[in-house]
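Participant: here is my input, please return the structure:
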Amino acid sequence: MAGLSGSEWCSRKTLVALGLGQIVSLIVTSTGLASSELSRRGINMPTSQSLLNYLLLGVVYGGILMRRRKPLQEFLVKAGDRIELMGMLGLFGAIISACQIIVFERNEIRSIQWNTDAVVPFIGFAVAMFMLYSLVPILLKISGSTLLNLSLLTSDMWAILIRVFAYHEKV
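Facilitator: Numbering: from 1, shown residues only. Purely as a prediction, here's the structure:
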(Lines give C-alpha, C1' and ligand atoms only; values in the text may rest on other atoms or scores of the structure.)
Protein backbone atom coordinates (compact mmCIF):
# COMPACT_ATOMS: atom_id res chain seq x y z
CA MET A 1 0.00 0.00 0.00
CA ALA A 2 3.08 2.23 -0.06
CA GLY A 3 3.01 5.06 -2.52
CA LEU A 4 -0.77 5.51 -2.69
CA SER A 5 -2.01 8.89 -3.83
CA GLY A 6 -4.60 10.85 -1.86
CA SER A 7 -7.50 9.62 -3.97
CA GLU A 8 -6.39 5.99 -3.60
CA TRP A 9 -6.30 6.31 0.21
CA CYS A 10 -9.91 7.45 0.21
CA SER A 11 -11.09 4.69 -2.13
CA ARG A 12 -13.79 2.29 -1.02
CA LYS A 13 -11.42 -0.69 -1.29
CA THR A 14 -8.86 0.90 1.03
CA LEU A 15 -11.47 1.97 3.59
CA VAL A 16 -13.06 -1.50 3.58
CA ALA A 17 -9.61 -3.06 4.07
CA LEU A 18 -8.83 -0.71 6.96
CA GLY A 19 -12.18 -1.43 8.62
CA LEU A 20 -11.79 -5.16 8.13
CA GLY A 21 -8.28 -4.91 9.55
CA GLN A 22 -9.59 -3.31 12.71
CA ILE A 23 -12.26 -5.99 13.04
CA VAL A 24 -9.55 -8.66 12.73
CA SER A 25 -7.51 -6.78 15.33
CA LEU A 26 -10.45 -6.74 17.78
CA ILE A 27 -11.02 -10.44 17.18
CA VAL A 28 -7.39 -11.21 18.03
CA THR A 29 -7.79 -9.17 21.21
CA SER A 30 -10.97 -11.02 22.14
CA THR A 31 -9.27 -14.41 21.79
CA GLY A 32 -6.61 -13.26 24.24
CA LEU A 33 -9.23 -11.95 26.63
CA ALA A 34 -11.22 -15.20 26.44
CA SER A 35 -8.08 -17.23 27.13
CA SER A 36 -7.09 -15.03 30.07
CA GLU A 37 -10.64 -15.28 31.45
CA LEU A 38 -10.46 -19.09 31.29
CA SER A 39 -7.06 -18.98 32.99
CA ARG A 40 -8.40 -16.62 35.66
CA ARG A 41 -11.15 -19.16 36.38
CA GLY A 42 -8.58 -21.93 36.80
CA ILE A 43 -9.16 -23.58 33.41
CA ASN A 44 -5.88 -24.20 31.60
CA MET A 45 -6.67 -26.13 28.41
CA PRO A 46 -5.40 -24.29 25.31
CA THR A 47 -5.72 -27.32 23.02
CA SER A 48 -9.36 -27.78 24.00
CA GLN A 49 -10.04 -24.17 23.04
CA SER A 50 -8.58 -24.86 19.60
CA LEU A 51 -10.63 -28.05 19.17
CA LEU A 52 -13.90 -26.15 19.50
CA ASN A 53 -12.66 -23.60 16.96
CA TYR A 54 -11.67 -26.29 14.46
CA LEU A 55 -14.96 -28.13 14.92
CA LEU A 56 -16.81 -24.91 14.19
CA LEU A 57 -14.69 -24.33 11.07
CA GLY A 58 -15.24 -27.90 9.92
CA VAL A 59 -18.99 -27.84 10.46
CA VAL A 60 -19.64 -24.47 8.82
CA TYR A 61 -17.25 -24.69 5.90
CA GLY A 62 -17.71 -28.45 5.54
CA GLY A 63 -21.46 -27.86 5.24
CA ILE A 64 -20.86 -25.30 2.52
CA LEU A 65 -18.63 -27.79 0.72
CA MET A 66 -21.33 -30.46 0.83
CA ARG A 67 -23.91 -28.10 -0.67
CA ARG A 68 -21.55 -27.25 -3.53
CA ARG A 69 -20.47 -30.83 -4.14
CA LYS A 70 -21.12 -31.28 -7.89
CA PRO A 71 -19.66 -28.01 -9.16
CA LEU A 72 -16.93 -28.40 -6.56
CA GLN A 73 -15.68 -31.70 -7.96
CA GLU A 74 -14.88 -30.12 -11.29
CA PHE A 75 -13.48 -26.98 -9.68
CA LEU A 76 -11.18 -28.81 -7.26
CA VAL A 77 -9.55 -30.63 -10.12
CA LYS A 78 -8.53 -27.27 -11.58
CA ALA A 79 -7.83 -25.17 -8.48
CA GLY A 80 -8.70 -24.89 -4.79
CA ASP A 81 -10.61 -22.10 -3.08
CA ARG A 82 -11.04 -20.48 0.32
CA ILE A 83 -14.07 -22.57 1.30
CA GLU A 84 -12.14 -25.79 0.64
CA LEU A 85 -9.17 -24.49 2.61
CA MET A 86 -11.32 -23.61 5.62
CA GLY A 87 -13.24 -26.87 5.51
CA MET A 88 -10.06 -28.94 5.41
CA LEU A 89 -8.41 -26.75 8.05
CA GLY A 90 -11.39 -27.35 10.32
CA LEU A 91 -11.47 -31.10 9.68
CA PHE A 92 -7.78 -31.82 10.11
CA GLY A 93 -7.35 -29.22 12.85
CA ALA A 94 -10.12 -30.90 14.86
CA ILE A 95 -8.54 -34.33 14.40
CA ILE A 96 -5.09 -33.12 15.46
CA SER A 97 -6.49 -31.14 18.41
CA ALA A 98 -8.52 -34.15 19.58
CA CYS A 99 -5.37 -36.29 19.54
CA GLN A 100 -3.47 -33.64 21.51
CA ILE A 101 -6.27 -33.39 24.06
CA ILE A 102 -6.26 -37.15 24.59
CA VAL A 103 -2.52 -37.08 25.24
CA PHE A 104 -2.01 -33.80 27.10
CA GLU A 105 -5.27 -32.49 28.60
CA ARG A 106 -7.47 -35.42 29.50
CA ASN A 107 -6.96 -34.93 33.27
CA GLU A 108 -7.72 -31.20 33.05
CA ILE A 109 -10.97 -31.91 31.21
CA ARG A 110 -12.05 -34.36 33.89
CA SER A 111 -11.28 -31.88 36.68
CA ILE A 112 -13.39 -29.00 35.31
CA GLN A 113 -16.81 -28.36 36.73
CA TRP A 114 -18.70 -27.62 33.51
CA ASN A 115 -21.04 -24.70 34.10
CA THR A 116 -21.75 -21.45 32.29
CA ASP A 117 -18.66 -19.81 33.84
CA ALA A 118 -16.51 -22.45 32.14
CA VAL A 119 -18.43 -22.83 28.87
CA VAL A 120 -19.05 -19.18 27.88
CA PRO A 121 -15.35 -18.25 27.52
CA PHE A 122 -14.77 -21.43 25.49
CA ILE A 123 -17.58 -20.50 23.12
CA GLY A 124 -16.38 -16.89 22.93
CA PHE A 125 -12.87 -18.04 22.05
CA ALA A 126 -14.13 -20.45 19.38
CA VAL A 127 -16.41 -17.87 17.75
CA ALA A 128 -13.64 -15.26 17.74
CA MET A 129 -11.16 -17.71 16.21
CA PHE A 130 -13.74 -18.78 13.63
CA MET A 131 -14.23 -15.16 12.64
CA LEU A 132 -10.46 -14.62 12.53
CA TYR A 133 -9.88 -17.63 10.28
CA SER A 134 -12.77 -16.53 8.07
CA LEU A 135 -11.83 -12.85 7.72
CA VAL A 136 -8.04 -13.06 7.33
CA PRO A 137 -8.17 -14.59 3.82
CA ILE A 138 -10.60 -11.87 2.73
CA LEU A 139 -8.36 -9.15 4.16
CA LEU A 140 -5.33 -10.70 2.47
CA LYS A 141 -7.14 -10.80 -0.84
CA ILE A 142 -8.28 -7.17 -0.58
CA SER A 143 -5.11 -5.52 0.68
CA GLY A 144 -2.23 -7.94 1.21
CA SER A 145 -0.09 -8.96 4.13
CA THR A 146 1.21 -5.49 5.01
CA LEU A 147 -2.19 -4.22 6.12
CA LEU A 148 -2.88 -7.51 7.92
CA ASN A 149 0.34 -7.18 9.91
CA LEU A 150 -0.38 -3.54 10.75
CA SER A 151 -3.91 -4.50 11.82
CA LEU A 152 -2.59 -7.25 14.07
CA LEU A 153 -0.25 -4.76 15.72
CA THR A 154 -3.22 -2.59 16.67
CA SER A 155 -4.68 -5.49 18.68
CA ASP A 156 -2.26 -4.52 21.46
CA MET A 157 -3.86 -1.07 21.54
CA TRP A 158 -7.34 -2.60 21.77
CA ALA A 159 -6.16 -4.90 24.58
CA ILE A 160 -4.89 -1.92 26.56
CA LEU A 161 -8.15 -0.01 26.09
CA ILE A 162 -10.22 -3.02 27.17
CA ARG A 163 -8.05 -3.64 30.22
CA VAL A 164 -8.27 0.00 31.28
CA PHE A 165 -11.98 0.56 30.68
CA ALA A 166 -13.54 -2.90 31.14
CA TYR A 167 -11.25 -4.40 33.82
CA HIS A 168 -10.23 -1.08 35.42
CA GLU A 169 -6.56 -2.13 35.43
CA LYS A 170 -3.63 0.24 35.33
CA VAL A 171 -1.31 -0.30 32.42
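Participant: need the contact list for the most centrally placed residue in the chain.
Facilitator: In the chain, the residue lying closest to the centroid (Cα atoms, centre = their mean) is residue 129, at 2.3 Å. The contact partners of residue 129, taken as Cβ atoms under 8 Å, 6 or more residues apart in numbering, are 27, 31, 49, 50, 53, 56. Backbone N, C-alpha and C define where each C-beta goes, glycine included.
Participant: assign it to helix, strand or coil.
Facilitator: helix (DSSP: H, G, I helix; E, B strand; the rest coil).
Participant: so which bits of the helix or strand where residue 50 lies are buried?
Facilitator: Assigned by DSSP states H and E, residue 50 falls within helix 46-67. Residues of helix 46-67 classed as buried: 46-58, 60-62, 65 (neighbour count, 16 or more other Cβ atoms under 10 Å).
Participant: check what pLDDT residue 75 gets.
Facilitator: We note a pLDDT of 51 for residue 75 in this prediction.
Participant: count of residues packed around residue 104?
Facilitator: 13 (other Cβ atoms under 10 Å).
Participant: next one: the residue lying closest to it once chain neighbours are set aside from residue 24, what distance?
Facilitator: Counting by Cβ to Cβ, 6 or more residues apart in numbering, residue 47 is the residue found nearest to residue 104 once chain neighbours are left out, at 6.2 Å. According to Cβ to Cβ, to the nearest Å, residue 47 and residue 24 sit 23 Å apart.
Participant: quick one: the residue nearest to residue 104 and residue 101 touch, right?
Facilitator: Yes. Counting by Cβ atoms under 8 Å, residue 47 does reach residue 101; the two are 5.2 Å apart.
Participant: helices along the chain, start to end?
Facilitator: 6-9, 12-40, 46-67, 69-78, 82-100, 106-111, 116-143, 145-165 (DSSP state H).
Participant: return the member of those helices having the minimum mean pLDDT.
Facilitator: Minimum mean pLDDT among the helices of the chain: helix 69-78, a mean of 46.
Participant: surely residue 109 touches residue 43?
Facilitator: No. If you go by Cβ under 8 Å, residue 109 and residue 43 don't touch, sitting 9.6 Å apart.
Participant: tell me how far residue 131 lies from residue 164.
Facilitator: 24 Å.
Participant: cool, residue 29 as well?
Facilitator: From residue 29 to residue 164 the distance is 13 Å (Cβ to Cβ).
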